[in-house]
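S.K.: Compute the structure for the input listed below.
(3 chains)
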Amino acid sequence: MNTETLIPYAGIVTEITQQTPDVKTFRVEAPGGGKLFEHKPGQCAMLSVPGISEAMISITSSPTNTEYMEFSVKKCGCLTEWLHSMEVGQMITVRGPYGRHFPVYDELLGKDLLIIAGGIGLAPVRSVINYVRDNRDKFGSVDIVYGSRSKDDLVYYKEIVEEWMTTPGFNVHLTIDNPQEGWDGHVGFVPNFVKELNPDLKKTVLMCGPPIMIKFTLGGLMELGFKKEQVYTTMELRMKCGIGKCGRCNIGNKYVCKDGPVFRFDELDELPNEY
Amino acid sequence: MKKLSLAKLNDFFAAIAAKQALYLPVNNKVGKADFTKWTAGTEMSKALNTVRSAKDFFFPQTENLMDFKMEGKNIEVIDSREECEDFVVFGVRACDAASFAILDSVYLVDPVDSYYKNRREHGTVVTMACGKPAETCFCGTFGIDAANPAGDVTVWEVADGYMLRANTEKGEALLAATADLLEAGDEKAVEAAQAKTREIMAKLPLAGLTFDGVGVGKTKELFDRPEWKTLSESCLGCGTCTFVCPTCQCYDVRDFDTGNGIKRFRCWDSCMYSDFTLMAHGNSRNSQVERFRQRFMHKLVYYPDRNNGTFGCVGCGRCLARCPISMNIVKVAKTLGGNK
Amino acid sequence: MQEMMKNRAYALLENGTVDRVLGWTRGEFAYDMTPAVFRNADEVKNGFVYNDFCAANLSKYLVKECRAGGKILVFLKPCDTYSFNQLLAEHRIKRDMIYVVGIECFGKADVEKIKEMGIEGITGITAKDGIYTVSTIYGDKAIKPADVMAERCLACKSKKHVVYDELIGNEGEVVEDCNRFDMVAKLEAMTPDERYEFWRGELSRCIRCNACRNICPACTCEQCIFDNPNSGVSQKAAVNSFEENMFHIIRAFHVAGRCTDCGECSRVCPQNIPLHLLNRKFIKDVNTFYGDYQAGEDPTAKPPLGKYEKNDIEPGEAGGAKE
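M.R.: The predicted model follows:
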């Protein structure tokens, strides 16, 4: 893709899945079929409806998927509302891929992974999860701790139960904030759940979720004895260009769009607390 | 070194303008200098510098990026870029010429911004050494020599005309194309002009100003300093400093519905504006203190961190002259850096 | 004057009348003072400055300061007191949280005018016996304040303080024969085409920095329509040359009847656009059609554009629409 121009591709939305009351997953293909471009797990793309606006959204599908890309979008602004109102067959524009990916090609190889997510925060790490499933022999065990407000707010629920839970070496731990009829699983917040599970300190952690969850989960991990060097997260700030030029998504001297969105916590320690 | 006699200045402009667009500082109706396209009879301004910087030539305030045709569920993406025509900017000062290197370090690094690159490639920059720098000038702080500006061609004003030196191939080409108007020049006249400029520079109040207290690696030291609150207290949150600054390069991308398709354009933006970092679910810089700090930390720490210590400021003094409440980078750097 | 102001600040801080002082702090040069809040006598002692270059109208800062709690001392020039009253009338500031010290004004100096005289390399400016001595690296120059007085002060409408708790100097008088509508009259005398050309020539220099709006004491909306992405008019830069006209014209309409003619919009414009002329046209029209009215003169007065009377002028009667 010619990233010099900010000029996007037009892609066709070929499938829309209602994940939760306010999250939908959009499958996007090139007009002639296939993917618009290749990406790596954790990278993002700028999605747009011309005349509405453009926004950075993580690519939730795995690069091992050769047929399409997927984006899970929570309804919370003018572009996302428009996306939620559209029908299959509608075109949108996509440009990317942007940013630093999770280090699945080097540092994570052979590691036992602990993936922690809250709410829509599962979307960026889903790309990693499915990449690992498709390259099962290259990674150790995978523990997934995922929580949401309620059972209805768990995204990819069907995929989690039918595919992730049945993958050898995968352990999925779900939790919801409050007790609910029809839910016999764990109830409680993610940070406490992680502490209860007392994960092995050898694991490498990938974490994404609301800031409050990140803050307390990180604190919990530190108490358990994890080091910041073994915890990765992915950030989100206002972006316009995606290529480190428009000047708004910086945290200190790093641009989230270009130097991130994936950061290790020891790297974030070097940056001012402005996110 | 070439010389252009005063009498031939207009012929020189005419010769350039015959082949490509020529822009130079011209006084506007309120007596301030603006870069203006030369036409016969245009008189060059004697002002020290233009109100707007010369960045507009490469990074215009507004530019169309692409077009979209929307039909039913279909979107057609139209690359509406056109090759820029050759142009010459005459009379750029040393500070603004140095600002191009700063803009380059943003727009010409991977991934290259092709809109900017296109204009850079087609533009020839003719700089002019400053004769009488003002008290708001502090280019020397950044190692910029007002008496010896960069650019494709450098021009010095001397008693009976102008001395010209080509610095690049583009510059050589420009002087070659106007060779019949030029004569051989004497280096000594330039040296005398330079000595005079440097003598004035040394007497100005900001001579010897250093930004030693700020710079590379000082994020932790400076970010939480209590002075940010007092420095930013009367900041209006307007974009004057940003828009007159030759190095401010942040932009916004917006769509405009023409009624017959969508134009996606980019325009200057300011980190001082409240919506700069606004997202649907929050804002990472909610208060004016944070926005003010961002602007100065960017120029004084973040940019140097990413660019081998070079500050994101060239000392042109426009913000010193134009800020509605007279707050500026010199006051900020002095307050934070501890030197009075 | 500066010493008298500092002494009042010390005294009022000392006796607990106020806990903060809003004034000006010294600049890098002799002419670039910045509005500042002083929180104790030491801060006043070290930083407070007042001279003919302290031109900023401090009244708008009181909107923010009133939200900070406590009581603040503010120094207001006569024209600033009109803005103050207007802010009171619009319930943007709280009278009991503010202690107003009115300061007599003889007109403010405009450093641009000094520079336009060809005076360069300024290292200092002192005022004594009605003469400014401007020190430069090329030597000293003596100039008369009247020659470098700010444009808005040359057409001063009032030297009278319309509100204060105490005064330094005289209360002052309304200037009866000010010439502030002269330029408006000239514009009115132009043909529509000439007038359009005049405004295009001025407004085409606009860089949409919003300094005029952000300094304006009448612009105190929590969120301006031009900053609201949902308004459809929040474009930051001109997508066509007509955009900046609309910004200024809409703004002028919005402050019509509320603008006190403090002149800050034109003072801060980095492109020297005479924006105050748009507002003065509205003021002149209001005077003509509804009788003389000065916004900010009396905070309890009913604004002509905010009330209805049976004999109000009918649309079209003024002639504009039918031309």
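S.K.: okay, how far is it across stretch A:92-108, tip to tip?
M.R.: 34 Å (C-alpha to C-alpha, to the nearest Å).
S.K.: same question but for stretch B:119-134, I mixed them up
M.R.: Stretch B:119-134: ends 30 Å apart by C-alpha to C-alpha.
S.K.: and the residue in the stretch 1-150 of chain C positioned nearest to chain A, which of the three is it?
M.R.: Here the stretch 1-150 of chain C gets closest to chain A at one residue, residue C:64, 22.1 Å apart by C-beta to the nearest C-beta. The C-beta positions use only the backbone N, C-alpha and C, and glycine is treated the same way. Following DSSP: H, G, I helix; E, B strand; the rest coil, the label given to residue C:64 is helix.
S.K.: I'd like the distance between it and residue B:276.
M.R.: According to C-beta to C-beta, to the nearest Å, residue C:64 and residue B:276 sit 20 Å apart.
S.K.: Next: residue B:163.
M.R.: Using C-beta to C-beta, residue B:163 is found at 44 Å from residue B:276.
S.K.: More neighbours: these two, which one.
M.R.: residue B:276 (25 against 22; other C-beta atoms under 10 Å in any protein chain shown).
S.K.: OK, contacts around that one?
M.R.: A:238, A:248, B:250, B:269, B:270, B:285, B:291 (C-beta atoms under 8 Å, 6 or more residues apart in numbering or on different chains).
S.K.: can you rerun that using 10 Å?
M.R.: A:238, A:240, A:246-248, B:239, B:242, B:250, B:252, B:269-270, B:283-285, B:291, B:294-295, C:236 (C-beta atoms under 10 Å, 6 or more residues apart in numbering or on different chains).
S.K.: Then residue B:216?
M.R.: A:253, B:300-311.
S.K.: so which strand or helix has it?
M.R.: For residue B:216, there is no helix or strand it lies in under DSSP states H and E.
S.K.: returning to what we had before: return the member of the contacts of residue B:216 nearest to chain C.
M.R.: Distance to chain C across these (C-beta to the nearest C-beta) is lowest for residue B:300, with 16.3 Å.
S.K.: Could I get the contacting residues of the closest one?
M.R.: Neighbour list for residue B:300: B:211, B:213-216, B:218, B:222, B:311-313, B:329, B:332-333, B:336-337 [criterion: C-beta under 10 Å, 6+ apart].
S.K.: at 8 Å what do you get?
M.R.: By C-beta under 8 Å, 6+ apart, residue B:300 lies in contact with B:211, B:214, B:215, B:218, B:222, B:311, B:312, B:313, B:329, B:332, B:333, B:336.
S.K.: Could I get the contacts of residue B:216 in a markdown table, plus columns for secondary structure and pLDDT?
M.R.: Supplementary listing: the contacts of residue B:216 in a markdown table, determined by DSSP: H, G, I helix; E, B strand; the rest coil; pLDDT from 0 to 100:
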| residue | secondary structure | pLDDT |
| --- | --- | --- |
| A:253 | coil | 94 |
| B:300 | helix | 97 |
| B:301 | helix | 96 |
| B:302 | helix | 97 |
| B:303 | helix | 97 |
| B:304 | helix | 97 |
| B:305 | helix | 96 |
| B:306 | helix | 96 |
| B:307 | coil | 96 |
| B:308 | coil | 95 |
| B:309 | coil | 96 |
| B:310 | coil | 97 |
| B:311 | coil | 97 |
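S.K.: And the helices in the stretch 151-300 of chain C, which stretches?
M.R.: Here the stretch 151-300 of chain C has its helices, by DSSP state H, counting those that start in this stretch, at C:151-154, C:182-189, C:192-203, C:211-215, C:243-255, C:264-268, C:276-290.
S.K.: can you dump the C-alpha coordinates of the fifth one into CSV?
M.R.: So that's helix C:243-255. Coordinates of each C-alpha in helix C:243-255 appear next as CSV, following Å, rounded to 0.1, in the frame of the first residue of the first chain:
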residue,chain,number,x,y,z
GLU,C,243,-15.3,30.5,5.0
GLU,C,244,-13.3,33.0,7.0
ASN,C,245,-15.9,35.7,6.1
MET,C,246,-18.6,33.6,7.5
PHE,C,247,-16.7,33.0,10.7
HIS,C,248,-16.2,36.7,11.4
ILE,C,249,-19.7,37.7,10.3
ILE,C,250,-21.4,35.0,12.4
ARG,C,251,-19.2,36.0,15.3
ALA,C,252,-20.1,39.7,14.8
PHE,C,253,-23.8,38.8,14.8
HIS,C,254,-23.4,36.7,17.9
VAL,C,255,-21.9,39.5,19.9
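S.K.: Specify the angle between it and helix C:192-203 in degrees.
M.R.: Angle between the axes of helix C:243-255 and helix C:192-203 is 100 degrees (criterion: axes from the mean of the first three to the mean of the last three C-alpha atoms, to 10 degrees).
S.K.: Could I get the phi/psi values of residue 42?
M.R.: As the question left the chain open, I've gone with chain A. Main-chain dihedrals, residue A:42, degrees, to the nearest 10: phi 100, psi -10.
S.K.: Now do it, the pLDDT please.
M.R.: Listed pLDDT for residue A:42 reads 95.
S.K.: Do I have it right that residue A:98 meets residue A:243?
M.R.: Yes: if you go by C-beta atoms under 8 Å, residue A:98 and residue A:243 touch, sitting 7.0 Å apart.
S.K.: Who are the contact partners of the residue in the stretch 151-275 of chain A that chain B sits nearest to?
M.R.: In the stretch 151-275 of chain A, no residue comes nearer to chain B than residue A:247, which is 3.2 Å away by C-beta to the nearest C-beta. Contacts here follow C-beta under 8 Å, 6+ apart; on that basis residue A:247 touches B:249, B:250, B:251, B:269, B:271, B:298.
S.K.: ok, the residue lying farthest from the centre of chain B to residue A:86 distance?
M.R.: Distance from the C-alpha centroid of chain B peaks at residue B:72, with 43.6 Å (C-alpha atoms, centre = their mean). Using C-beta to C-beta, residue B:72 is found at 12 Å from residue A:86.
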